[in-house]
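Asker: Give me the fold of what follows.
(one chain, ligands or ions: 1)
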Amino acid sequence: MTATLIDGTSIAAEVRAEVGRSRHGDALQAWHRPRTRCRAHRRRPRIRCVCAHEGARRNRGRAWSPRQSLLPADTSQDDALAVVRRLNNDARYHGILVQLPLPDHISEDTVIQSINPNKDVDGLHPFNMGLLMAGRPRFIPATPSGIQQMLLRTGNDPSGKHVVVCGRSNIVGKPIMNLLMQRRDGANATVTVCHTRTRDLAEMTRQADILIAAVGSPQMITADMVSEGVVVIDVGVNRVDAPMLTSTQCRRRQQPSLPVPGGVGPMTIAMLLQNTLNAARHSIHPELQ
Ligand SMILES: NC(=O)c1ccc[n+]([C@@H]2O[C@H](COP(=O)([O-])OP(=O)(O)OC[C@H]3O[C@@H](n4cnc5c(N)ncnc54)[C@H](OP(=O)(O)O)[C@@H]3O)[C@@H](O)[C@H]2O)c1
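Answerer: Here you go, the predicted model:
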């Protein structure tokens, strides 16, 4: 068996094409029926980003350019909350994405909790996180959702597999754990979550059929920490010359893996668009989950 690189960019293009098609396809045709006279019902699904941190602006700005509310880095928490409240009440936007991280003087929890859960397309509001945990997700956080799609669309169904997740953040680690352990198609994995207090990380990672690394520090997982045939998803966005496992290391270990860039990032954006489509659908047909 030779090593394969999982091409996040082409899978993301596939998802984006599906989202684009459905805008004009059967599902959305229903929105345009004469009984929906309200102009709002004829609008295209739209997302708006709230961005108050130079780094966050740079990260997503290259790959896509949604409408943004750009706040100065020294914006007050009250001003940030006012922007989110305005978007909550603005029927032109079906989805709101608060770009993280926010500046240190703004509480991310407070801002995220102020988003209308029906427009919370990154699924980070506690209400949506609770639904995910209960196995009734409405908006699955975009990065974990992208990871799941990458696994499924490359024939790596996590069902019955041991998935080891390094990292327990609210935006990656916890939601991917909740997502993949559910009793449903595309999940049914046994999930172990590791963090800085995990005693022997290498012992854990070597047991993985699927290893998801979301630790925020480069080259932390080395070739000797994985077993033959493991599928490695590297979520980290680190400004270094090589992803955590170099291609050579991957080849030696004969494992499918993910290049950085061109991996999870494009999938995150694709899933945000998918969630925005769902949010728009839900705003018109709230009875549909
Ligand atoms: N491509 C994308 O779209 C995308 C999206 C989101 C995030 N990311 C990237 O993914 C990475 C992680 O993001 P995040 O927001 O989840 O990060 P985070 O909030 O900084 O969390 C990092 C997690 O890694 C754990 N960790 C750190 N060092 C460790 C070590 N030596 N051993 C074991 N666990 C360790 C931490 O454990 P403790 O909890 O014990 O501190 C923490 O749970 C970052 O590089 C980020 O830029 C990419």
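
Asker: Nearest spatial neighbour of residue 176, chain-adjacent residues omitted?
Answerer: Leaving out its chain neighbours, the residue that sits closest to residue 176 by Cβ to Cβ, 6 or more residues apart in numbering is residue 144, at 4.0 Å. In this view, the C-beta of every residue, glycine as well, is placed from N, C-alpha and C.

Asker: wait, what's in contact with the one you found?
Answerer: By Cβ atoms under 8 Å, 6 or more residues apart in numbering, the residues touching residue 144 are 172, 175-176, 179.

Asker: What parts of the stretch 51-200 of the chain come near the ligand?
Answerer: 143, 166-169, 171-173, 194-198 (Cβ under 6 Å from any ligand atom).

Asker: Which one (most neighbours) among the contacts of residue 144?
Answerer: residue 176 (31 neighbours; other Cβ atoms under 10 Å).

Asker: Which element, helix or strand, includes that residue?
Answerer: helix 173-180 (DSSP states H and E).

Asker: which other helices and strands contact that helix?
Answerer: Helix 173-180 is packed against helix 126-133, helix 142-153, strand 162-166, strand 190-194, with contacts defined by 3 or more Cβ pairs under 8 Å, 6 or more residues apart in numbering; DSSP states H and E.

Asker: any idea of the angle the helix ranked longest in the chain forms with helix 126-133?
Answerer: Secondary structure of the chain per DSSP state H: the longest helix is helix 264-284. For helix 264-284 against helix 126-133, the angle by axes from the mean of the first three to the mean of the last three Cα atoms, to 10 degrees is 100 degrees.

Asker: and helix 264-284, how far from the chain's centre?
Answerer: In terms of Cα atoms, centre = their mean, to the nearest Å, the centre of helix 264-284 is set 10 Å apart from its chain centre.
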